[in-house]
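S.K.: Below is the sequence, then the predicted model.
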Amino acid sequence: MTPFNKEAVRAAIHHHAFALAQHYANGAHVIQHRHEVRIGTKGARVFDTQKGLYHDFEAGTGGDAFSFVQALTGCNFEEVPQIVAQFAGGGQLIAAPLPRPHHHEDEAQRASKQKYALALWNDAHPLGGCHAR
């Protein structure tokens, strides 16, 4: 599997969802209304570009942005970046994944943070004028 940046692919799917749907809808009616791309005469398949969620009301299936492309094209997960890259105008999506931040904390730092958190907790008072008092 070629490594790719999942967040970049996801963002490209959101941005090009309407073009993807028009291209792969096999003649089905495609409309875009606000943040939704609807496919079918009654909008049976919907992709919400704000939430990144896909739902097929006829089949009772759904998922995320990757599922949306897979359902439209019949491809597998590994092929999604190549398909989306065609609509995004290049292969910039197929690159090394973003490096994960390294989080190294020694025991002294951890103990110091726990002590600070405990002090905050112990100094906290209920809100005035509420039932917690």
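M.R.: Okay, I see it. Numbers count the residues shown, from 1 in each chain.

S.K.: residues touching the residue minimising distance to the centre of the chain, list them.
M.R.: For the chain, Gly52 is the residue whose C-alpha lies nearest the centre (C-alpha atoms, centre = their mean; 5.1 Å). The contact partners of Gly52, by C-beta atoms under 8 Å, 6 or more residues apart in numbering, come to 10, 13-14, 64-65. C-betas here are computed from N, CA, C, even on glycine.

S.K.: Tell me the most packed of the residues you listed, by neighbour count.
M.R.: Counting neighbours by other C-beta atoms under 10 Å, Ile13 leads the contacts of Gly52 with 26 neighbours.

S.K.: what phi and what psi does the backbone show at that residue?
M.R.: phi -60, psi -50 (degrees, to the nearest 10).

S.K.: residue ranges with poor pLDDT in the chain?
M.R.: For the chain, the stretches with pLDDT under 70 are 1-2, 43, 90-105, 127-133.

S.K.: show me where it has strands.
M.R.: Counting by DSSP state E, the chain has strands at residues 30-33, 36-39, 45-48, 53-56, 61-63.
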